[in-house]
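Undergrad: structure, please.
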Amino acid sequence: MSEIRHLVGEALSEIIETARSGGPCIPVGLMAMGSEHGSEELACAGLLAQNQYPGVKVVMIGPKVEGYETLDWIETEACEADVSEAMEKALKEGTIQGAVAMHYPFPMGVTTIGRVVTPAKGKDMIIASSTGTSAIHRVEAMVRNAIYGIAVAKSIGKKNPTVGILNVEGAQLVFRALNQLKEKGYDITFGTSIRKDGGSVLRGNDILAGAVDVCVTDTLTGNVLMKVFSSFNTGGSYEALGWGYGPSAGEGWPHVISIISRASGAPVIANALAFNAAAVRGKLPALVADEMARAKRAGLDDIIAALQPKPASAEETVTPPPAEPTDDEIHGIDVLSIEDAVRALWKEKIYAESAMGCTGPVVKLPAKYTEKAKEILKANGYL
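TA: Residues are numbered from 1 along each chain as shown. Coordinates of the predicted model:
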């Protein structure tokens, strides 16, 4: 009889906890050693997460920290390899449904999608991506990052996230590729720059203001942004703001494993645990699969194939026409394509030069050729 009462009590407790948290409690593992701020910082973060976010059950993995016995623990020796092995086992056995780690050897094709607080209005913004590599080729990776960023945004309740592309190398090519997907039926909503000339290619001002829900960039730039946004007010040694480097996403990738830095402080780690649990609850791997399937129906594979770099032997030698004064500019061509765009105009006997303006690369040319040049560049896919 006492055993039955115990089981009934556990069941009632679980029902109450589910009602209180708005859904089932998600067990998320947290590596309990490796932080530059000590193991107690990690344990403190685990306790903070459970107190602030009722839907999160934190499972600490590593050597137990004195004073934090109220947390669930999977105890290991004080060895990072043992902690990693215990985390993998817990994921495989279903003891935890997600995990937060300071390091994880993701396979090629898997990246993490970060989330920051933007300082102008305190708005959150997703950085796609921040660690890992979604593809070897930069532009392809950024296109995939956009799709994975949309999936992560949807997993945490942003039903129609706005997307912008940070003005880094390859941005115009990425925008063109995403626009092609949109034209062929992939549901993507582009955000707009706060600057006067607008557009979906973002400048630094836009990311400070949180102009979009999802900021697409290459991983290395995204990683730098994560560090700057999270620790600009602490001198860099303690990451105090944001949700960490985010959950993993990749085609066919089944796990939700989030990354934090060894410099991440308890507030960021606690947020990272909640972010991970929300992505698990939102069925992130299934959302990634759905977004990829819809993008492929819109021609993703062919678009990516067209983005691959051409071999050097394929480049055609073109002699420029006689030089003329250049008194006009054409904007919106990616830096990776600017020289090819100039050669395309040369082939049509239009003199042009490449240059770099304050908003990116430009084609300089005589004003009398501008309209014709735009038609040529559009026909060749440069605009």
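Undergrad: kindly report the domain assignment for this protein.
TA: With domains defined by automatic domain parsing, the chain comprises 19-101, 110-249+256-307, 312-379.
Undergrad: which residues in this structure form helices?
TA: 2-21, 39-52, 80-93, 138-155, 171-183, 204-209, 219-231, 266-281, 284-297, 300-307, 338-347, 370-379 (DSSP state H).
Undergrad: which elements pack onto the fifth one?
TA: Going back to what we said before, that points to helix 171-183. helix 138-155, strand 162-166, strand 189-190, strand 201-202, helix 300-307 (3 or more C-beta pairs under 8 Å, 6 or more residues apart in numbering; DSSP states H and E). Where you see a C-beta, it was placed from the backbone N, CA and C, and this is true even at glycine.
Undergrad: mind doing that once more with 7 Å?
TA: helix 138-155, strand 162-166, strand 201-202, helix 300-307 (3 or more C-beta pairs under 7 Å, 6 or more residues apart in numbering; DSSP states H and E).
Undergrad: check the third one too.
TA: With contacts defined as 3+ C-beta pairs under 7 Å, 6+ apart, helix 80-93 has these neighbours: strand 26-31, strand 56-61, strand 98-101.
Undergrad: please identify the most buried of those strands.
TA: Of all the helices and strands packed on helix 80-93, strand 98-101 has the most neighbours on average by mean count of other C-beta atoms under 10 Å, namely a mean of 27.
Undergrad: gap between the closest residue in space to I188 that isn't next to it in sequence and E348?
TA: Using C-beta to C-beta, 6 or more residues apart in numbering and skipping residues adjacent in sequence, the residue nearest I188 is K182, 5.0 Å away. Counting by C-beta to C-beta, to the nearest Å, the separation of K182 from E348 is 29 Å.
Undergrad: list the contacts of the spatially most central residue of the chain.
TA: Nearest to the mean C-alpha position of the chain, by C-alpha atoms, centre = their mean, lies A128 at 1.9 Å. A128 makes contacts with I113, N145, A146, Y148, G149, V214, C215, V216, as judged by C-beta atoms under 7 Å, 6 or more residues apart in numbering.
Undergrad: recalculate using a threshold of 6 Å.
TA: By C-beta atoms under 6 Å, 6 or more residues apart in numbering, the contact set of A128 is I113, N145, G149, V214, V216.
Undergrad: which one is it nearest to, not counting chain neighbours?
TA: Nearest one to A128, counting by C-beta to C-beta, 6+ apart, is G149 at 2.9 Å.
Undergrad: check the gap between the one you found and F190 for me.
TA: The gap separating G149 from F190 is 13 Å, by C-beta to C-beta.
Undergrad: ok, now E353?
TA: From E353 to F190 the distance is 30 Å (C-beta to C-beta).
Undergrad: residue contacts, V363?
TA: By C-beta under 6 Å, 6+ apart, the contact set of V363 is I330, A341, A352.
Undergrad: next, format those residues as a markdown table and append distance to Y369.
TA: Shown next, in a markdown table, are the contacts of V363 (distance: C-beta to C-beta, whole Å):
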| residue | distance to Y369 |
| --- | --- |
| I330 | 10 |
| A341 | 13 |
| A352 | 8 |
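Undergrad: what is the nearest of those residues to K57?
TA: A341 (54.7 Å; C-beta to C-beta).
Undergrad: so that closest one sits right up against Y382, yeah?
TA: Yes - between A341 and Y382 there is a contact at 4.3 Å, judged by C-beta atoms under 6 Å.
Undergrad: please enumerate the shared neighbours of those two.
TA: I333.
Undergrad: thinking again about what came up before, which of the helices of the chain sits closest to A120?
TA: When the helices of the chain are compared (using C-beta to C-beta), the closest one is helix 204-209, at 4.2 Å.
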